[in-house]
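**Q** Sharing a model prediction with you, sequence too.
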Amino acid sequence: MDLKDKKIVVTGGAGFLGKHVIEALVARGVLRDRVFVPRVEEYDLRTREACEKIVQGADAVIHLAAKVGGIGFNREHPGELFYDNIVMGVELIEAARKAGVKKFVGIGTVCLYPKFTPTPFKEDDIWNGYPEETNAPYGLAKKALLVQLQAYRDEYQFPGVYLIPVNLYGPGDNFDPSSSHVIPALIKKIWEAKQERRPFVEVWGTGKATREFLYVEDAAEGIVLAAERYEKPDPVNLGSGMEIAIRDLVLLIARIIGYEGEVRWDATKPDGQPRRMLDTSRATREFGFTAKTDFEEGLKKTIEWYTKNKS
Amino acid sequence: MNLCGKKILVTGAQGFVGTAVVASLKSRGVLDENLLLPSFGEYDLRTREACEEVMAGVDVVIHLAGVTGGVTFHRAHPGSIFYDNLIIGVRLMEAARKARLAEADGEAQAGVKKFLTAGSMAEYPATAPLPYKEETLWDGYPDLVHAPYAVAKTMLLAQAQAYRVQYGFNAIHLLLTSMYGPGEKDDFVIPSLIRRMVDAKRRGESFVEVWGTGKPTRDFLYVEDAAEAIVGAAERYDSPEPVNIGSGIETPIHALATTIARLVGFSGEVRFDPTKPDGAPRRAADTSRARVFGFSPRTDLESGLRMTIAWHLQNRS
């Protein structure tokens, strides 16, 4: 689908990922006033009415709006994370179907993978076990939307696609420690420790868990490419093909920031999923997406953004 | 939990299983005035408003309402089956969770104390080892024909578990086997066989044709036993883990067909058409977890079939 002359609804368009997706759309010649971003103050997408309103006249819907948080937030709010995400997605997909939307991009999460998936994670393995307990309600709520899109394609020929992004990072992320994910949490902790000359930082878990990180601009590019070129029911991983232990991530961020204090591990706090690394070949094969940003470069840009914008 | 004296909401009360559950509740002494039995015509439970309205003053929810049918129905409507079953269950449980009783001193207490969701053995992975054990529920994808229905139901288990952790909400999930008995719709195997054999006998036909090889096995549970299990779980099962509700006995389709023929008095041939699909090769449930709350089925297959045939002759011929 050529997006240039289309009316596109981007839910969550004002958020971390959303802002970058809009930039990617505009860079392709999509007119900014043809992109509608429903604001949460006006539209509660957990209601059928709001979903039906926002899809009126839309050609394409990119559904990024979600209730999210890091590991701590997930442990404390599993009920809300399940309910908000599943109801929003299910009602929006149904509303889009009834409104005759011609392309729907659903966004899953690496959290939907089974806890012990063999690495690199292949899309064909998503159903082979229960997700890691700390993020299971969130992962499952999003996973349901894949089943809905496949069922709708089957019954209604509804043109929905589904992407599975790995952990995102980059400028514009949430740095609030009560809900942030690991990279912003570490950047803030280590930066503040350096400013205040603290002799050590305390980090959650054992440091042994591994993660793959995708720079947010790359994720945005992958999403827009899928919206333009991908027409199949099979889910597609969006990743960068790297894997780093949390222990090494901490050392890398400390080196970039110039913090030389000690790192102490609080093993009473959870590690989350033991390993994460995606097989990214389907995205390359199906719609030509490959992540471009070098990890250390991406971290530097993120840290720079944080130091300029933190107040 | 003693159900007498509690206000009990039963969704799907007019349906096949619902009717038997209501009878079971009444036989335990639950009074009519304490039974809330909304019909689809009165309340469209796919809407938040209807779910909140029916929840007023409720202590216990037995959620049986759903949209299902035979294989042809599932093949034709995977989308609407997913949407209807999921949105009704999720909105109903959220309405129950939020429902508060206004207390005299203004402090609201949790209204709904127990929420029972009716799942299905269709939720098991297509390649789950037999007999089905609840621990293996998450280890693979359900069979493709029923997957949207199955996933919509399994999401209620996920919701129940998340709500128990965050809100201390007491919601449980039962995995019900194939049920049969008076009131069952014709597109399922037992009523379909009964109807066709009764008709064939009346018309003097020499054979009845059954789809498949006859080799697949199923765990059949008489609906009154299922109703007892549901009510027993509402009273006594409070675990976050799902629980199988079945007879624990595997019956091959060919044995089922010959038994029905004998009970109906059809003396013609039962022919199997192996060019037609069999469905899953075996279904058998490990039913030991249900013994935790004292459930043990009372009706053997032959007795259950007799009662079902009698009902059919009275109501359908």
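**A** Yep, that arrived.
**Q** drop to CA atoms for contacts and neighbour counts, all remaining ones
**A** OK.
**Q** Now for the closest residue in space to A:Ile257 that isn't next to it in sequence, how many residues are close by?
**A** Closest residue to A:Ile257 in three dimensions, ignoring its sequence neighbours and counting by CA to CA, 6 or more residues apart in numbering or on different chains: A:Trp191, at 6.7 Å. Neighbouring residues of A:Trp191 were enumerated by other CA atoms under 10 Å in any protein chain shown; the total is 19.
**Q** Run through who's touching the helix or strand containing A:Trp191.
**A** When elements are defined using DSSP states H and E, A:Trp191 is found to belong to helix A:182-195. Contacts with helix A:182-195, where a contact means CA atoms under 8 Å, 6 or more residues apart in numbering or on different chains, come from A:70, A:169, A:173-177, A:199-201, A:203, A:250, A:253-254, A:257-260, A:303.
**Q** Tell me the first helix or strand C-terminal of that helix.
**A** Reading on from helix A:182-195 to the C-terminus, the next helix or strand found by DSSP H and E is strand A:200-204.
**Q** Which strands or helices does that next one pack on?
**A** With contacts defined as 3 or more CA pairs under 8 Å, 6 or more residues apart in numbering or on different chains; DSSP states H and E, the packing partners of strand A:200-204 are helix A:182-195, strand A:262-266.
**Q** starting at the chain centroid, how far to whichever helix or strand comes after it?
**A** With elements assigned by DSSP H and E, the helix or strand that comes after strand A:200-204 is strand A:210-211. Relative to its parent chain, strand A:210-211 has a centroid offset of 15 Å by CA atoms, centre = their mean, to the nearest Å.
**Q** Contacts for strand A:210-211 next, please.
**A** For strand A:210-211, with CA under 8 Å, 6+ apart as the criterion, the contacting residues are A:Asn167, A:Glu243, A:Ile244, A:Ala245, A:Ile246, A:Pro274, A:Arg275, A:Arg276, A:Met277.
**Q** So which residues of the chain form helices?
**A** You didn't pick a chain, so chain A it is. Secondary structure of chain A by DSSP state H: the helices cover A:16-27, A:48-54, A:71-76, A:78-98, A:136-156, A:182-195, A:216-229, A:246-257, A:281-287, A:295-309.
**Q** wrong one, I was asking about chain B
**A** For chain B, the helices defined by DSSP H cover B:16-27, B:48-54, B:71-76, B:78-98, B:147-167, B:189-203, B:223-236, B:253-264, B:301-315.
**Q** quick one: which of those is nearest A:Ala24?
**A** Relative to A:Ala24, the nearest member of those by CA to CA is helix B:78-98, separated by 31.9 Å.
**Q** Can you list the low-confidence ranges for the chain?
**A** Using chain A here. Low-confidence segments of chain A, defined by pLDDT under 70, span residues A:311.
**Q** should've been chain B
**A** Low-confidence segments of chain B (pLDDT under 70): B:102-107, B:317.
**Q** What parts of it come near chain A?
**A** Of all the residues in chain B, those in contact range of chain A (CA under 8 Å from any CA of the partner chain) are B:76-79, B:82-83, B:87, B:90, B:94, B:138-141, B:148, B:151-152, B:155, B:158-159, B:162-163, B:165-167.
**Q** if we can go back for a sec, with respect to burial, which of the helices and strands packed on strand A:200-204 scores highest?
**A** Ranked by mean neighbour count, those are led by helix A:182-195 with a mean of 20 (mean count of other CA atoms under 10 Å in any protein chain shown).
**Q** Pull that helix out as PDB, backbone CA atoms only.
**A** Taking C-alpha atoms only, helix A:182-195 is exported to PDB below (Å, rounded to 0.1, in the frame of the first residue of the first chain):
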ATOM      1  CA  VAL A 182      15.900  -1.300  31.800                       C
ATOM      2  CA  ILE A 183      17.900   1.100  29.600                       C
ATOM      3  CA  PRO A 184      16.300   4.300  30.800                       C
ATOM      4  CA  ALA A 185      16.300   3.000  34.300                       C
ATOM      5  CA  LEU A 186      20.000   2.400  34.200                       C
ATOM      6  CA  ILE A 187      20.800   5.600  32.400                       C
ATOM      7  CA  LYS A 188      19.000   7.600  35.100                       C
ATOM      8  CA  LYS A 189      20.500   5.700  38.000                       C
ATOM      9  CA  ILE A 190      24.100   5.800  36.700                       C
ATOM     10  CA  TRP A 191      23.900   9.500  35.600                       C
ATOM     11  CA  GLU A 192      22.500  10.500  39.000                       C
ATOM     12  CA  ALA A 193      25.200   8.400  40.800                       C
ATOM     13  CA  LYS A 194      27.900  10.200  38.800                       C
ATOM     14  CA  GLN A 195      26.400  13.700  39.500                       C
END
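**Q** And the helices of chain B: which comes nearest B:Gly212?
**A** Proximity to B:Gly212 (CA to CA) singles out helix B:253-264 among these, at 9.1 Å.
**Q** how about A:Gly18, what does it touch?
**A** For A:Gly18, the residues meeting the contact criterion (CA under 8 Å, 6+ apart) are A:Val10, A:Thr11, A:Gly12, A:Leu64, A:Ala220.
**Q** ok, back up a step: could I get the helices and strands packed on strand A:200-204 as TSV with distance to A:Gly100?
**A** As requested, these are exported to TSV (distance: least, CA to CA, whole Å):
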stretch	distance to A:Gly100
helix A:182-195	39
strand A:262-266	51
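**Q** what's the closest of the ones you listed to B:Ser239?
**A** strand A:262-266 (31.5 Å).
**Q** ok, and what's touching stretch A:302-309?
**A** Here stretch A:302-309 has contacts from A:Tyr169, A:Gly170, A:Pro171, A:Gly172, A:Ile187, A:Ile257, using CA under 8 Å, 6+ apart.
**Q** got the residues of the stretch 151-300 of chain A near chain B?
**A** Contact residues, the stretch 151-300 of chain A versus chain B (CA under 8 Å from any CA): A:Ala151, A:Tyr152, A:Asp154, A:Glu155, A:Tyr156.
**Q** Quick check, the third one in contact with B:Pro78.
**A** Yes - contact between A:Asp154 and B:Pro78 holds when scored by CA atoms under 8 Å: they sit 7.2 Å apart.
**Q** Compare those two (neighbour count), which wins?
**A** Remark: of A:Asp154 and B:Pro78, B:Pro78 carries more neighbours, 25 against 17, as counted by other CA under 10 Å.
**Q** how deep is the nearest residue to the more buried one once chain neighbours are set aside tucked in, by neighbour count?
**A** On the basis of CA to CA, 6+ apart, the spatially nearest residue to B:Pro78 that is not a chain neighbour turns out to be A:Ala151, at 5.1 Å. Under the neighbour criterion other CA under 10 Å, A:Ala151 is assigned a count of 26.
**Q** go on, B:Ile260?
**A** B:Ile260 has 20 neighbours, counted by other CA under 10 Å.
**Q** if we can go back for a sec, take the contacts of A:Gly18 and write them to TSV, including distance to B:Arg203 and neighbour count.
**A** Compiled in TSV, these are given as follows (distance: CA to CA, whole Å; neighbours: other CA atoms under 10 Å in any protein chain shown):
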residue	distance to B:Arg203	neighbour count
A:Val10	63	23
A:Thr11	62	22
A:Gly12	65	21
A:Leu64	61	21
A:Ala220	68	21
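**Q** Need the max-distance pair from those.
**A** The most widely separated members of the contacts of A:Gly18 are A:Thr11 and A:Ala220, with 13.6 Å between them, by CA to CA.
**Q** Of all the helices of chain B, which one comes closest to B:Pro281?
**A** Nearest to B:Pro281, of all the helices of chain B, is helix B:253-264, at 10.3 Å by CA to CA.
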